[in-house]
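J.: Just the structure for this:
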Amino acid sequence: MYLRNALLAIVCVMALVFAAPVTAEDTGKADKMKTMEGVEALLDLLIEKKVLSEEEAVDFLNELDAKGGASRKLVKRRKGEYKHKEVTSLPEWLDRFDLHGDIRIRGQHDAFPSGNAQFVDPAEPTEPLNTTVDRSRFRYRLRLGIDAEINEDFMAGIRLATGNENDPISTNDTLGDYQNKDGLTLDRAFVKWTVFHPEDPFTPNRKLSVYAGRFKNPFFSTDLVWDNDLNFEGVAAKWEYPNSDNVKYFGSLGVFPLQEVEFSSDDKWLYGAQFGFTYRDKLDRPWLGFKFAAAYYHYANLLGRVSPAGDPDLYDYTAPPFQQKGNALIDIDPDSTDVLTALASEYRILDLLAEVDLTYWDPIRVIMTAEYVHNLGFDSGDILDRINQSSTTPFNGYIPDEDYGYQVGLSVGYMTGNEFGDWRAFKERGDWRVFIYYRYLAGDAVLDAFTDSDFHLGGTNAKGWILGAEYGLARDVNLGFRWLTATEIEGPPLSIDVFQLDLNMAF
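T.: Prediction:
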């Protein structure tokens, strides 16, 4: 400490002495320059030997700068260098972290045409479902994540988001709770192991990654099957393998626990597998791209079981912890005054998805999408038996084959980003996109719990159109509008129009 102070005092004396005016102009200037060069060299040496810190050097130069004189130009220059170094020389470990997030402000109006029937909430059969009174609301979504690179093979990530723990398919928070504060939930928490790197000479151009925890959807998909806000819990592997310059194969495998039941071996699970390929003739037709994938999703132990009269709560755990509307249901407590609904069908989902990417009119891009889903586990005879088992009144009616769905769509736009169709791809002002989709999703084509929560206000047994447009207001900022108009496929009338106006910002 004493040595450092002594050295600093010597530097100050040297600088201040030669900062005073002199009478011999030529000799004075030369002497000052030599002295200030010595001061500069001495400061550098003291910093290099860690006698002084960069912060202390800046403080010293601030004092020297206040004295004025011939040293002012040097002081300002060196202060700028130290400050720049102070800002840019961050600890090495900070480079391993990537902070990212986004915020969305939404205005939404739900319109219910006259003639809609009255419904109850499938999850709460004693509560009515709003099907007649128009509703307007302001909503927002905030997501904040950080990824940490552990080494070249492993990384970990977490993401916080608005929403609540009882809704897996929405991160929206509705304004209008008497100015009360809102909370954040743990939306993602995962580790990623990159087993094969494309640049690895032993596995050239191949990529294999394994995820564990709670992570983003590992499948190539649309919101016909999986809502865009849904994250998956479990273990999944994703791989890519280019067969040639024009063809690349890809695939995903995953095992996902849905519900752990403490006093039963009937835990609920989801198993998923997908295989696909992309094709683009880079020589003859580089403007034409094609992507196709076939997926199979197998749900285990989701069927509802009717509790016996002597133990009306025995199989209550077979009721789904979350559902929207559309799936065939049974009452698993028929001898109780309360109604508890559970699923009446098995779900073994075949999903075929194709996408054509046209850049012929570059920079205008055209995307055509077609998707077909079929529930291979649907059996109307089995459903009829389960309904009669859960009811004291025999039902001999007709069970329609509501086991398939499809969606076709067209998107046209000018976007500087790489991921067309993702609003985060809006990178510059003036980027734009317009789109139109037609959707038909029968009641048991997919599990209603995880499909799009906006179309028909969530669930299955709906058909209709989705129209919209997006425009980039500035870098990473865009304004979007959607109109989702849908009606029921089977059963009592239920038509719903949803209008959404979104302001999106990414950072």
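J.: In three-state terms, how would Leu230 be classified?
T.: coil (DSSP: H, G, I helix; E, B strand; the rest coil).
J.: Which residue, other than its chain neighbours, is closest to it?
T.: Closest residue to Leu230 apart from its sequence neighbours, by CB to CB, 6 or more residues apart in numbering: Ile169 at 5.1 Å. Any C-beta I mention is one placed from the backbone N, CA and C, and that applies to glycine too.
J.: pLDDT wise, what is the one you found at?
T.: Ile169 is assigned a pLDDT of 96 by the prediction.
J.: Check whether it sits in a helix, strand or coil.
T.: coil.
J.: what residues are up against it?
T.: Asp227, Asp229, Leu230, Ala449, Phe450, Ser453, Gly458 (CB atoms under 8 Å, 6 or more residues apart in numbering).
J.: any idea which of the residues you listed has the most stuff around it?
T.: Ala449 (25 neighbours; other CB atoms under 10 Å).
J.: quick one: it from Leu184, how far?
T.: 23 Å (CB to CB, to the nearest Å).
J.: Mind jotting down where the strands sit in the stretch 151-300 of the chain?
T.: 154-161, 173-174, 185-196, 207-215, 232-242, 247-259, 268-281, 285-300 (DSSP state E, counting those that start in this stretch).
J.: Next, the residues that contact the second one from outside, please.
T.: Contact partners of strand 173-174, identified using CB under 8 Å, 6+ apart, comprise Arg137, Phe138, Arg139, Tyr140, Arg141, Leu142, Thr162, Gly163, Asp182.
J.: Include distance to Trp287, pLDDT and neighbour count when you put these into JSON lines, please.
T.: Below are the contacts of strand 173-174 laid out as JSON lines (distance: CB to CB, whole Å; pLDDT from 0 to 100; neighbours: other CB atoms under 10 Å):
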{"residue": "Arg137", "distance to Trp287": "43", "pLDDT": "96", "neighbour count": "13"}
{"residue": "Phe138", "distance to Trp287": "42", "pLDDT": "97", "neighbour count": "12"}
{"residue": "Arg139", "distance to Trp287": "39", "pLDDT": "97", "neighbour count": "19"}
{"residue": "Tyr140", "distance to Trp287": "39", "pLDDT": "97", "neighbour count": "16"}
{"residue": "Arg141", "distance to Trp287": "35", "pLDDT": "97", "neighbour count": "19"}
{"residue": "Leu142", "distance to Trp287": "39", "pLDDT": "97", "neighbour count": "17"}
{"residue": "Thr162", "distance to Trp287": "40", "pLDDT": "96", "neighbour count": "22"}
{"residue": "Gly163", "distance to Trp287": "40", "pLDDT": "93", "neighbour count": "21"}
{"residue": "Asp182", "distance to Trp287": "46", "pLDDT": "92", "neighbour count": "13"}
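J.: Check the residues you listed and tell me the two furthest apart.
T.: Arg137 and Leu142 (16.7 Å; CB to CB).
J.: Any buried residues in the helix or strand hosting Ala370, and which?
T.: Per DSSP states H and E: Ala370 is located in strand 364-375. Residues Arg365, Val366, Ile367, Thr369, Glu371, Tyr372, Val373, His374, Asn375 are the ones in strand 364-375 that count as buried (16 or more other CB atoms under 10 Å).
J.: rewinding a little: out of the strands of the stretch 151-300 of the chain, which is closest to Thr337?
T.: From those, taking CB to CB, the stretch that ends up closest is strand 247-259, at 25.6 Å.
J.: so what strands line up beside the closest one?
T.: If you go by DSSP bridges, strand 247-259 pairs up with strand 232-242 (antiparallel), strand 268-281 (antiparallel).
J.: average model confidence for the shortest one?
T.: Just to be clear, that refers to strand 232-242. 96.
J.: hang on, the earlier thing: and the strands paired with strand 247-259 as TSV, adding mean neighbour count and distance to Ala212?
T.: Shown next, in TSV, are the strands paired with strand 247-259 (neighbours: other CB atoms under 10 Å; distance: least, CB to CB, whole Å):
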stretch	mean neighbour count	distance to Ala212
strand 232-242	18	5
strand 268-281	18	15
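J.: For those, give me a markdown table that also has distance to Trp93.
T.: Listed next are those as a markdown table, based on distance: least, CB to CB, whole Å:
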| stretch | distance to Trp93 |
| --- | --- |
| strand 232-242 | 28 |
| strand 268-281 | 36 |
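J.: Out of those, the one nearest Leu384 is which?
T.: Closest approach to Leu384 among these is made by strand 268-281 (23.5 Å; CB to CB).
J.: where in this protein is pLDDT low?
T.: 1-40, 43, 49-52, 54-55, 57-58, 60-91, 203, 392-397, 416-426 (pLDDT under 70).
J.: for it, what spans make up the helices?
T.: 2-17, 25-48, 54-66, 72-88, 380-389 (DSSP state H).
J.: Tell me how far the nearest residue to Gly101 once chain neighbours are set aside lies from Ala212.
T.: Excluding the flanking residues, the one nearest Gly101 by CB to CB, 6+ apart is Leu144, at 4.0 Å. Using CB to CB, Leu144 is found at 22 Å from Ala212.
J.: swap in Thr132?
T.: 46 Å.
J.: repeat for Val261
T.: 22 Å.
J.: Kindly report the same for Gly310.
T.: Using CB to CB, Gly310 is found at 43 Å from Ala212.
J.: Neighbour count: the two, which is higher?
T.: For Gly310 versus Ala212, the count of surrounding residues by other CB under 10 Å is larger for Ala212: 15 against 7.
J.: Isn't the more buried one up against Val235?
T.: Yes - Ala212 sits in contact with Val235 when judged by CB atoms under 8 Å, with a separation of 4.9 Å.
J.: and the contacts of strand 173-174 as a markdown table, adding distance to Ile47?
T.: Listed next are these as a markdown table, based on distance: CB to CB, whole Å:
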| residue | distance to Ile47 |
| --- | --- |
| Arg137 | 59 |
| Phe138 | 54 |
| Arg139 | 53 |
| Tyr140 | 48 |
| Arg141 | 47 |
| Leu142 | 43 |
| Thr162 | 47 |
| Gly163 | 50 |
| Asp182 | 48 |
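J.: Break the protein down into its structural domains.
T.: By the assignment in automatic domain parsing, the chain contains the domains 2-89, 93-506.
J.: Buried deepest among the ones you listed, which one?
T.: Greatest average neighbour count among these goes to domain 93-506 (a mean of 17), per mean count of other CB atoms under 10 Å.
J.: Regarding it, how distant is the last residue from the first?
T.: 24 Å (CA to CA, to the nearest Å).
J.: Now do the same contact list for the residue nearest to Asp98 when sequence neighbours are not counted.
T.: Distances taken as CB to CB, 6+ apart place Asp147 nearest to Asp98, at 4.5 Å, with adjacent residues excluded. Taking CB under 8 Å, 6+ apart, we find Asp147 in contact with Phe97, Asp98, His100, Met155, Ala156, Gly157.
J.: so the first one makes contact with Ile150?
T.: No - when contacts are counted by CB under 8 Å, Phe97 is not listed as touching Ile150 (10.9 Å).
J.: if I look at Gly409, how far off is Ile367?
T.: 8 Å.
J.: Pull the contacting residues for Pro492.
T.: With contacts defined as CB under 8 Å, 6+ apart, Pro492 is in contact with Ala117, Phe119.
J.: before we move on, back to that, show me what the residue nearest to Gly101 is bridged to.
T.: Gly101, Leu160.
J.: Leu142 reaches Ile105, doesn't it?
T.: No - assessed by CB under 8 Å, Leu142 is found out of contact with Ile105, at 9.9 Å.
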